[in-house]
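Enquirer: Using only what follows, build the 3D model:
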Amino acid sequence: MRNGIDRAALIAGGAGFIGSHLCDALIAEGYRVVCVDNFRTGRLNNLRHLEREPRLEIIDADVIGPLPSTLTRRSLRISRVFNLACPASPPHYQADPEHTLLSSVIGTRNLLGLAERMQARFLLASTSEIYGDPQTHPQAESYWGYVNPTGPRACYDEGKRAAETLTFDFARAGRGETRVARIFNTYGPRMRADDGRVVSNVITQALAGDDITVYGTGKQTRSFCYIDDLVDGLTRLMAYNGDYAGAINLGNPAELTVRDLVARVMRLTGSQSRIVRRPLPVDDPQRRRPDITLARRHLGWEPKVPLEQGLERTIAHFAVEAAALAASVTRRLAEAG
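Expert: Prediction:
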């Protein structure tokens, strides 16, 4: 690939949590970036710091529908297409399950077609959720998964599994170069406070002094990868030119219980919140830990940011957001008289 700012990448879902950090990373590498987002869960505020950046273009569009014709008519040739266009948290993807499923299936088909027309390399942001509530531990890419195809999480889980099928069939047909990343739990600044995932829930509740909700016993485990590490993995995978053509797990193999996460957040925030228990959501996985042998072997990648450091940065982000929201509410009340 040539060096210089003539390189261009399209990021579908580029205003989201992961997508906005990917925009930052690619612009820093010298890419021009076209961000396509329908802003259902993505936020313009995630890109506010780039509003004067001439190498970023933002297009308000939904990948389910016809993609803007300007994408193929432009003189700037897009050489990389990243597909991150799908809600990733249960409350958001379950709010409109039909749209979630179609984002994965129709959206992936549309973006694969765009990549083919532009002769661009394509990367699908898949998910550890394709493993379901796994019966093997840790989860390697060779594991086929244990997914409920009719449950309330199926719109996301099965949608991503279908998106992987489309992507691999596209590559087998010789229609273009593809990469598939199976992303495990990721956290960091720009997460939405209302996304319903455990890190954002626990931090926002701890900062507010509210009761901290723990679903089930709290003994279920997760493996948390800081956003900077995840984005490094995505860019390495997109740049990979070796012979391996399968999916790659990207996540942190350090496993801890939800109860341990809560204890760490409470200590870092100085929270005196009570812990309250709620029933475990349907089909919620009991254990989750990636086997990243392939990522280490083929990409030379593994997470670097320690959990404590990542949590401190994430807590600081949510504290700033909470203060800004409180100031905004106070200002509006004062203006209202």
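
Enquirer: Where is the longest helix in the chain?
Expert: Longest among the helix segments of the chain by residue count, using DSSP state H, is helix 307-335.

Enquirer: Buried residues, that helix. List them.
Expert: 307, 310, 311, 314, 315, 317, 318, 321 (16 or more other Cβ atoms under 10 Å). C-beta: built from backbone N, CA, C; applies to glycine.

Enquirer: Let's have the residues you listed in CSV, adding distance to residue 265 and pLDDT.
Expert: Output for the buried residues of helix 307-335, formatted as CSV (distance: Cβ to Cβ, whole Å; pLDDT from 0 to 100):
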residue, distance to residue 265, pLDDT
307, 10, 97
310, 11, 98
311, 6, 98
314, 9, 98
315, 7, 98
317, 13, 96
318, 10, 95
321, 16, 91
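
Enquirer: Following the chain onward from the helix or strand bottoming out on mean pLDDT in the chain, which element is next?
Expert: Ranked by mean pLDDT, DSSP states H and E, the weakest helix or strand in the chain is helix 70-73, scoring a mean of 73. Sequence-wise, the next helix or strand downstream of helix 70-73 (DSSP states H and E) is strand 80-83.

Enquirer: and that following strand, which strands flank it?
Expert: strand 8-12 (parallel), strand 121-127 (parallel) (DSSP bridges).

Enquirer: gap between the longest one and the chain center?
Expert: Taking Cα atoms, centre = their mean, to the nearest Å, one finds the center of strand 121-127 at 11 Å from the center of the full chain.

Enquirer: angle of the very next helix or strand once past that strand against strand 121-127?
Expert: Counting by DSSP H and E, the element after strand 121-127 in chain order, helix or strand, is helix 154-172. Calculated by axes from the mean of the first three to the mean of the last three Cα atoms, to 10 degrees, helix 154-172 forms an angle of 150 degrees with strand 121-127.

Enquirer: what's the span of stretch 183-196, first residue to last?
Expert: End-to-end span of stretch 183-196 (Cα to Cα, to the nearest Å): 17 Å.

Enquirer: Give the rounded mean pLDDT of it.
Expert: Computed over stretch 183-196, the mean pLDDT rounds to 95.

Enquirer: For that stretch, buried residues please.
Expert: For stretch 183-196, burial by neighbour count (16+ other Cβ under 10 Å) applies to 183, 184, 185, 186, 187, 188, 189, 190, 191, 192, 193, 195.

Enquirer: same question, stretch 94-105
Expert: For stretch 94-105, by 16+ other Cβ under 10 Å, it's 94, 99, 100, 101, 102, 103, 104, 105.

Enquirer: Let me know the closest of these to residue 24.
Expert: residue 103 (23.2 Å; Cβ to Cβ).

Enquirer: Tell me, how many residues neighbour residue 294?
Expert: 19 (other Cβ atoms under 10 Å).

Enquirer: Distance check, it against residue 244.
Expert: Counting by Cβ to Cβ, to the nearest Å, the separation of residue 294 from residue 244 is 7 Å.

Enquirer: Can you give the distance of stretch 146-162 from its chain's centre?
Expert: With Cα atoms, centre = their mean, you get 17 Å for stretch 146-162.

Enquirer: Give me the contacts around that stretch.
Expert: Applying Cβ atoms under 8 Å, 6 or more residues apart in numbering, the external contacts of stretch 146-162 come out as 86-88, 90, 93-94, 97-98, 100-105, 108, 126-127, 129-135, 145, 281-283.

Enquirer: can you tell me which residues contact the residue nearest to residue 81 when sequence neighbours are not counted?
Expert: What sits nearest to residue 81 in space, not counting adjacent residues and going by Cβ to Cβ, 6 or more residues apart in numbering, is residue 115, at 4.4 Å. Each residue near residue 115 by Cβ under 8 Å, 6+ apart is listed here: 81, 121, 122, 176.

Enquirer: Is the third one bridged to anything, and to what?
Expert: Residue 122 forms beta bridges with residue 81, residue 178, as assigned by DSSP bridges.

Enquirer: Touching, it and residue 111? I think so.
Expert: Yes - using Cβ atoms under 8 Å, residue 122 is in contact with residue 111, at 6.9 Å.

Enquirer: so how far is residue 25 from the spatially closest residue to residue 225 that is not a sequence neighbour?
Expert: Closest residue in space to residue 225, ignoring its immediate chain neighbours: residue 252 at 4.0 Å, by Cβ to Cβ, 6+ apart. Taking Cβ to Cβ as the measure, residue 252 falls 18 Å from residue 25.

Enquirer: same check, this time on residue 148
Expert: 35 Å.

Enquirer: now do residue 150
Expert: For residue 150, the distance to residue 25 - Cβ to Cβ - is 38 Å.

Enquirer: which residues of the stretch 1-150 of the chain score low on pLDDT?
Expert: 1-6, 72-75 (pLDDT under 70).

Enquirer: 50 - rerun?
Expert: Within the stretch 1-150 of the chain, the segments meeting pLDDT under 50 span 1-5.

Enquirer: returning to what we had before: could you dump the buried residues of helix 307-335 to JSON lines with distance to residue 162?
Expert: Shown next, in JSON lines, are the buried residues of helix 307-335 (distance: Cβ to Cβ, whole Å):
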{"residue": "307", "distance to residue 162": "33"}
{"residue": "310", "distance to residue 162": "32"}
{"residue": "311", "distance to residue 162": "34"}
{"residue": "314", "distance to residue 162": "32"}
{"residue": "315", "distance to residue 162": "37"}
{"residue": "317", "distance to residue 162": "33"}
{"residue": "318", "distance to residue 162": "34"}
{"residue": "321", "distance to residue 162": "35"}
